[in-house]
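> Predicted model, plus sequence, below.
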Amino acid sequence: MAARTRVLIVDDSAVVRKLIADRLRREPDIEVVGGAADPFVARDLILQHKPDVVTLDIEMPRMDGLTFLKKLMAHYPLPVIIVSSVTQSGSAASIEALRAGALEVISKPGGPQSVGQVVDRIAATIRGMNASSPVRVRPAPAMAAPVSLPGGGAGARRQHGIILIGASTGGTQAIEAVLTQMPADTPPILIVQHMPPHFTKAFADRLDQLCRLTVVEAKADQPLERSTAYIAPGDYHMTLVRFGLQMRIGLNQHPQVHHQRPAVDVLFQSAAQIRGVPMVAMLLTGMGADGADGMVALRKAGAETIAEAEQSCVVFGMPKEAIARGGAAHVAPLLKIPPLVFECLERAAARKVA
């Protein structure tokens, strides 16, 4: 029998610790090695038990979870799953925790009735992590200068089309690294990042502060505009919809795809139905296969497609599947992707003109 994954639960609520621990102990491949009420106790238990994974609350006494995470990543890096409240401060801090190297963010259970769903997500993340090798634990790469576009500023204005991005585990760091290199005058960007409700708004707000682009959480029937990136809201699939000559955003709560809502495949498949618009789609770090079939459909429809290379992925799952299925026309490490996007837009536009 394979060794069980050893988990330490860090949360200042004894009730939450017990609820999560009791349910996790029912999982045959997971072992709960202990619980800690604050980071100081957690530090000692980590050294004592050497867990494989830590679940970490953000809002705690004596030392907040974000400060502890940064210390952990600097001195004893290991996979961390954020289990946080959906308050405004909790959501914003959780997004910063993902940027600091946490693998995943999960909404804290609102009561005993929601514990099962939360624990299922924790267990699924752990199993996905174990199935993906390697899993890299590291903070977001440093921001770079915006890319130089072919033809300079005038070339940027001539480039039309739509950019699509899909990501999961590690995606908050990867998306930030890509968007912060994008110049202000960029075609509209549609982004699906696997993330719960409420956290996507905090994610969009943070990116909006960092980027030259405007970054927003998408709204139903919202027209696409240049210089704007649209984040799919948690618990809603996002689609690309044509209204005459105008492109708009569609949102729906149809069944989950790959156990996700939003799902990358839903966005990519909808975009593959649009003709006459230059498109570039990229699939970044993440567990599982979401987006791989959609990328195949986009490539068959004439879009340019890019998969993140294994060397820069936190988890080489989704890009690997896209490559294996023939969906990726290009494979590139993360910081090489932004300039490649604009080269691809030029090629896609040239094909439409031809």
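Received, thanks.
> So residue 44: helix, strand or coil?
Here residue 44 is recorded as helix under DSSP: H, G, I helix; E, B strand; the rest coil.
> count of neighbours near it?
12 (other C-beta atoms under 10 Å). No exception for glycine: its C-beta is placed from N, CA and C like everyone else's.
> swap in residue 243?
Counted by other C-beta under 10 Å, the residues lying close to residue 243 total 9.
> what's the answer for residue 136, then?
Neighbours of residue 136 (other C-beta under 10 Å): 17.
> before we move on, what about the one 4 residues further on?
For residue 140, the neighbour count with other C-beta under 10 Å is 18.
> do residue 288 as well
The local packing of residue 288 (other C-beta under 10 Å) involves 21 other residues.
> Tell me the spacing between it and residue 177.
Distance, residue 288 to residue 177, using C-beta to C-beta, to the nearest Å: 21 Å.
> With residue 19 instead?
Relative to residue 177, and taking C-beta to C-beta, residue 19 is found at 36 Å.
> Go through stretch 321-328 and flag the buried ones.
321-323, 327-328 (16 or more other C-beta atoms under 10 Å).
> do stretch 34-53 as well
By 16+ other C-beta under 10 Å, the buried positions in stretch 34-53 come out as 34-39, 42-43, 45-46, 51-53.
> roughly how far apart are the residue nearest to residue 58 when sequence neighbours are not counted and residue 44?
Counting by C-beta to C-beta, 6 or more residues apart in numbering, residue 65 is the residue found nearest to residue 58 once chain neighbours are left out, at 4.1 Å. Residue 65 is 16 Å from residue 44, where distance means C-beta to C-beta.
> for residue 279, same thing?
For residue 279, the distance to residue 44 (C-beta to C-beta) stands at 52 Å.
> ok, now residue 289?
Taking C-beta to C-beta, one finds residue 289 at 39 Å from residue 44.
> Report the residue spans of the stretch 51-200 of the chain with pLDDT below the cut-off.
Counting by pLDDT under 70, the ranges of the stretch 51-200 of the chain that qualify are 111-112, 133, 142-158.
> can we see that at 50?
151-157 (pLDDT under 50).
> okay, now the closest residue to residue 198 other than its chain neighbours: neighbour count?
Among residues not flanking residue 198 along the chain, residue 86 sits closest, at 4.3 Å (C-beta to C-beta, 6+ apart). Other residues lying near residue 86 total 16 when counted by other C-beta under 10 Å.
> Double-check that residue 86 belongs to a helix.
No: judged by three-state DSSP, residue 86 forms no part of a helix; its state is coil.
> Isn't it up against residue 107?
Yes: at 5.4 Å, residue 86 counts as touching residue 107 under the criterion of C-beta atoms under 8 Å.
> overlap in contacts of these two?
196-199 (C-beta atoms under 8 Å, 6 or more residues apart in numbering).
> neighbours of the nearest residue to residue 211 once chain neighbours are set aside, just the number please.
Nearest non-adjacent residue to residue 211, counting by C-beta to C-beta, 6+ apart: residue 179, 4.8 Å away. When neighbours are counted by other C-beta under 10 Å, residue 179 registers 23.
> can you check residue 25 too?
Neighbourhood size, residue 25 [other C-beta under 10 Å]: 13.
> can you pull the contacts of it?
Residue 25 makes contact with 31-32 under the criterion C-beta under 8 Å, 6+ apart.
> Repeat that for the one 3 residues further on.
Residue 28 makes contact with residue 4, according to C-beta under 8 Å, 6+ apart.
> Check residue 248 too.
Contacts of residue 248 (C-beta under 8 Å, 6+ apart): 221-224, 241-242.
> Kindly recompute the last result at 10 Å.
219-224, 239-242 (C-beta atoms under 10 Å, 6 or more residues apart in numbering).
> Next: residue 109.
By C-beta under 10 Å, 6+ apart, the neighbours of residue 109 are 13, 15-16, 19-20, 23, 83, 85, 115-119.
> if we go to 8 Å?
Residue 109 neighbours (C-beta under 8 Å, 6+ apart): 16, 19-20, 115, 117-118.
> and it, helix, strand or coil?
From three-state DSSP, the assignment for residue 109 is coil.
> Relative to residue 4, how far out is it?
In terms of C-beta to C-beta, residue 109 sits 23 Å off from residue 4.
> same question, residue 339
Taking C-beta to C-beta, one finds residue 339 at 45 Å from residue 4.
> Please apply the same query to residue 78.
16 Å.
> With adjacent residues omitted, what lies nearest to residue 194?
Among residues not flanking residue 194 along the chain, residue 168 sits closest, at 4.2 Å (C-beta to C-beta, 6+ apart).
> I figured residue 228 hits residue 216, correct?
Yes: the pair residue 228 and residue 216 qualifies as a contact (C-beta under 8 Å) at a distance of 6.6 Å.
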